[in-house]
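**Q** let's see this in three dimensions:
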Amino acid sequence: MTEKAAPAPLARTVLQQCLHARLQVAPPGPESEGEWVQIDRGMVIYVCFFKGATEDMLPKMVSALLNQRLCERASGGLASVLELGGSVLVVPQATLGGRAKGRAMQYHGNIGKDDGLRLYQRFVSLCQAQLQAAGGSGAGGSGAGAEGAGAEVKHGTYGNRQVLKLDTNGPYTHLMEF
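**A** Take a look at the predicted model:
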């Protein structure tokens, strides 16, 4: 009897619990400092979309990621980032789609740049909507979730090199494919 192969994933994410994360979204220029976004307690979500990914998959994907009980509560036990009232930093990470070929990495399975940008923007907006619906501020206001104050969604810029500074408590790093 032959075993049926699992379908290839359409998206790959890495979730990392954090105490503080800071992402440079614009490098310093000759007359300006770099631009940064940052979150405190919450989760960093690295996301990569593959060929065949569509907007239809995003609501289920966002719900699964934000409702996964991976964050430690101050009182013990685990909570989702929504239950915790933590913030979310979304980082586009095309390198999650890499495959080793010899001593080099290839990214032939990744989605095209225009489609990837569209999916990434929709993914971020869905994260903001879910966080806001759960009692956070979504886009960076002063709302609070169950345990957190000022929960918000921040995000990197798609298709650009970025610098990440991360303080994690763990290591609590999880791979999820969709």
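**Q** can you pull up the most central residue in the chain?
**A** Central residue of the chain (Cα atoms, centre = their mean): I45, 2.1 Å from the mean position.
**Q** for that one, give me its contacts.
**A** I45 makes contact with T13, V14, L15, L65, V88, L89, V90, V91, C127 under the criterion Cβ atoms under 8 Å, 6 or more residues apart in numbering. C-beta here means a position set from N, CA and C on the backbone, and glycine is covered the same way.
**Q** with these in mind, which one is nearest to L78?
**A** L15 (12.4 Å; Cβ to Cβ).
**Q** name the helix or strand for the closest one, please.
**A** strand 11-18 (DSSP states H and E).
**Q** number of residues surrounding G34?
**A** Residues lying near G34 (other Cβ atoms under 10 Å) number 12.
**Q** typo on my end, E31
**A** There are 5 residues near E31, going by other Cβ under 10 Å.
**Q** can you tell me how far it is from N160?
**A** When distances are taken as Cβ to Cβ, to the nearest Å, E31 and N160 turn out to be 20 Å apart.
**Q** so how far is the helix-or-strand element of the chain with minimal mean pLDDT from its chain's centroid?
**A** Taking mean pLDDT, DSSP states H and E as the measure, the chain has strand 71-72 as its least confident helix or strand, at a mean of 84. The gap between where strand 71-72 is centred and where its chain is centred comes out at 16 Å by Cα atoms, centre = their mean, to the nearest Å.
**Q** next structured bit after that strand?
**A** Under the assignment DSSP H and E, the closest C-terminal helix or strand after strand 71-72 is strand 78-79.
**Q** adjacent strands (with direction) for that following strand?
**A** Each strand paired with strand 78-79, and its direction, by DSSP bridges: strand 71-72 (antiparallel).
**Q** and the contacts of the strand it pairs with?
**A** Judged by Cβ under 8 Å, 6+ apart, the contacts made with strand 71-72 from elsewhere in the structure are Q17, R41, G42, M43, L78, A79, S80, V81, L84, G86, N169, Y172.
**Q** who wins on neighbours among the residues you listed?
**A** Taking other Cβ under 10 Å to define a neighbour, the member of the contacts of strand 71-72 with the most is V81, carrying 31 neighbours.
**Q** surely it is in contact with V90?
**A** No - V81 lies out of contact with V90 (Cβ atoms under 8 Å); the separation is 11.6 Å.
**Q** which parts of the chain are helices?
**A** 58-67, 81-84, 113-133 (DSSP state H).
**Q** got the CA coordinates for stretch 3-13 in CSV?
**A** What follows is stretch 3-13 as a C-alpha-only set of coordinates in CSV (Å, rounded to 0.1, in the frame of the first residue of the first chain):
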residue,chain,number,x,y,z
GLU,A,3,1.2,6.3,1.5
LYS,A,4,-0.2,9.5,0.2
ALA,A,5,2.2,12.4,0.3
ALA,A,6,1.2,15.5,2.3
PRO,A,7,0.4,18.4,0.0
ALA,A,8,3.2,21.0,-0.3
PRO,A,9,2.7,24.0,2.1
LEU,A,10,1.5,27.3,0.7
ALA,A,11,2.9,29.3,3.6
ARG,A,12,5.5,28.8,6.3
THR,A,13,5.7,30.7,9.5
